[in-house]
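K.L.:
Okay, here's the prediction I keep looking at, along with the sequence it came from:
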Amino acid sequence: KPAYYFHSLVSRSGGAYNAQTDGERTCYYFEVPTNTKNSFDGSKSSSYFEDAVEAFASYFKEPLFNTANTEKEISAVNNEHNKNCSRPNRIMLHCLRKLSNENHPFHRFGTGTVSTLSDIPKLNKINVKKKLFEYFNKYYTADCMSLVVRGPQSLNYLQKLIIRNFSAIPTNLKKDSKSSPDLSMIRKNISYADIPVFKNSNPHNIVFVISESIQPVIRIHFPIHDTGNSTVRDIMVFKNVWCNLIGDESEGTLFDALKQQNLITELITGTPDYAYGNGFLQIELGLTMQGLNNLPKLVETVLQYHEMLVQSKLTSKISKYMSQSNFIHMYNFAYEDVSARAMAECRDIAKALNSDIKTIGVNWILNSNVFFNFDDAGFSGDIQESPESKKWWGSKATLFQEFLSNTVKSDNMLMTCVCKNYTNLGFAVGETTEDEYFKFNFCYGSYTRDKSIILDESVVSKMSLPKPNIFLSDFKSSQLSLLSQLDTVGKK
């Protein structure tokens, strides 16, 4: 088949294809109509779906890596990098790498250019094609892969289709192995798993980037190190709760406190995992000019809001908020219309299969947002369903507050800021340097919390949890009954 047969086939059918690469994983995915015949290849009368699966599988069994296509892909990577040079999110991610441990792979340049992928290898007499095959043979094996297929056909048909096309992919598993591989261990076989992404002794905790064309923006990152008495599964849920809580824009929230002081234009939360075992709580803030000129005050507001959240007098309210949030995630999962995002759903499930399945729970692998359920010891439904349930949610709220206390603090904070000028912003900064890859001017800075900063009492006094969702009062179903229905379906 021609080198781009698969791409032509999918495009001709009216389908779509894409790929995503993060630091440790690449995900390829596509979708095509299943009820159309392939007239592109006159020798066949099979469907586009069958032919696309066959062509897709051939990439992982017999890759071409011919010189012309390799050079074309290098050019595509270079073009993608050139676009990234003007994207704030890519700029700030690159800056975060600068603050990371130089002994960890995350510290390296994250994409590629013609210089790094072609010119430098030629100077060093490195055969790129040979390196591609070495990389492919090492990592593109069945034991390092996960595969998800979705279609209206029977499970029997889909299983036969996949076995026929993918079973020949090499594997490092022993042939006499009687048990299935523990896919949750795939990403644990990493040589740098015990190397921290960030050092505690780093003298710098902020990077400023000069940009005349980008509106001022700052990202505040809190690496997750000390999980206290929480389990891995607890942390998964806590990250979702934190995103909802901090991302809320109602009265009394962090967004409201910053907006009232005219410091920000927008607030976006995230919980990225930039490397295995290294999660973050991340807040991105679009800055007003007043916000840029008062960054210490902005950061102080963020810290004081979180300090308010961990007060013991709020444990009861947080337990109610967490119970409500759990029900919302559960309800959304039960009634989500996945037909509109079939390709994205397959992508998300494939990524989940390639991570920690035991923690997520096999019965809940289709759920992109982890919530508490019957897999969690002591779980017994909504907070109001029984005294035992109220006590259970109270214990989880206490753990959530402990998690925030250990994570969101000034000595565990990294910042990346893009702005027109970083002088006189209240930070100690170093000399300006040009970045080797993105070609922007930047400097390192240091932030030390200034206890003398006093926020307006009118702002502090209004800080509170988001108010309960008024629409939930119309729902009569409890978490136990809804979860029982989901659990029954999941086990079929």
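P.N.:
Yes, it's here. Residues are numbered from 1 along each chain as shown.
K.L.:
Helix or strand next in line after the strand or helix carrying residue 163, which one?
P.N.:
In this assignment (DSSP states H and E), residue 163 forms part of helix 155-166. Helices and strands here follow DSSP H and E; after helix 155-166, the next one along the chain is strand 206-210.
K.L.:
Report the mean per-residue pLDDT for that next one.
P.N.:
Per-residue pLDDT over strand 206-210 has a mean of 94.
K.L.:
Packing partners of the very next helix or strand once past it?
P.N.:
Next helix or strand after strand 206-210 toward the C-terminus (DSSP H and E): strand 217-223. The contact analysis (3 or more C-beta pairs under 8 Å, 6 or more residues apart in numbering; DSSP states H and E) places strand 217-223 against helix 88-98, strand 278-287, helix 295-309, strand 414-419. Bear in mind the C-beta positions are built from the backbone N, C-alpha and C, glycine included.
K.L.:
hang on, the earlier thing: other residues contacting the helix holding residue 163?
P.N.:
With contacts defined as C-beta atoms under 8 Å, 6 or more residues apart in numbering, helix 155-166 is touched by 50, 53, 54, 56, 57, 60, 142, 147, 149, 151, 153.
K.L.:
Pull out the buried residues from it.
P.N.:
Neighbour-count burial for helix 155-166, counted by 16 or more other C-beta atoms under 10 Å, picks out 158, 161, 165, 166.
K.L.:
Could I get the contacting residues of residue 299?
P.N.:
220, 410, 413, 415, 447, 449.
K.L.:
That one and residue 206: what is the separation?
P.N.:
According to C-beta to C-beta, to the nearest Å, residue 299 stands 10 Å off from residue 206.
K.L.:
quick one: common contacting residues for those two?
P.N.:
Among the neighbours of residue 299, those also in contact with residue 206 (C-beta under 8 Å, 6+ apart) are 415, 447.
K.L.:
Throw the contacts of residue 299 into CSV and include pLDDT, thanks.
P.N.:
CSV is the format used below for those (pLDDT from 0 to 100):
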residue, pLDDT
220, 97
410, 93
413, 94
415, 96
447, 91
449, 91
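K.L.:
The closest residue to residue 260 other than its chain neighbours sits in which helix or strand?
P.N.:
Nearest non-adjacent residue to residue 260, counting by C-beta to C-beta, 6 or more residues apart in numbering: residue 459, 5.8 Å away. Residue 459 is located in helix 457-460, with elements delineated by DSSP H and E.
K.L.:
what separates that helix from the chain centre, distance-wise?
P.N.:
Offset of helix 457-460 from its chain centre (C-alpha atoms, centre = their mean, to the nearest Å): 34 Å.
K.L.:
Then stretch 384-402?
P.N.:
Centroid separation for stretch 384-402 versus its chain: 27 Å, with C-alpha atoms, centre = their mean.
K.L.:
which residues sit against that stretch?
P.N.:
228-230, 234, 238, 241, 309-310, 312, 314-316, 318-320, 322-323, 372, 378-383, 478-480.
K.L.:
Could you report the pLDDT at residue 164?
P.N.:
If you check residue 164, the pLDDT there is 95.
K.L.:
residues near residue 365, how many?
P.N.:
15 (other C-beta atoms under 10 Å).
K.L.:
And residue 219, how far from residue 90?
P.N.:
12 Å.
K.L.:
When these two are compared, which one has more neighbours?
P.N.:
residue 219 (23 against 17).
K.L.:
so what's the more buried one bridging to?
P.N.:
Counting by DSSP bridges, residue 219 is bridged to residue 284, residue 416.
K.L.:
check contacts around it.
P.N.:
Shown in contact with residue 219 (C-beta under 8 Å, 6+ apart): 92, 96, 282, 283, 284, 285, 415, 416, 417.
K.L.:
if we can go back for a sec, of the contacts of residue 299, which is the nearest to residue 86?
P.N.:
Residue 86 lies nearest to residue 415 out of the contacts of residue 299, by C-beta to C-beta, at 20.9 Å.
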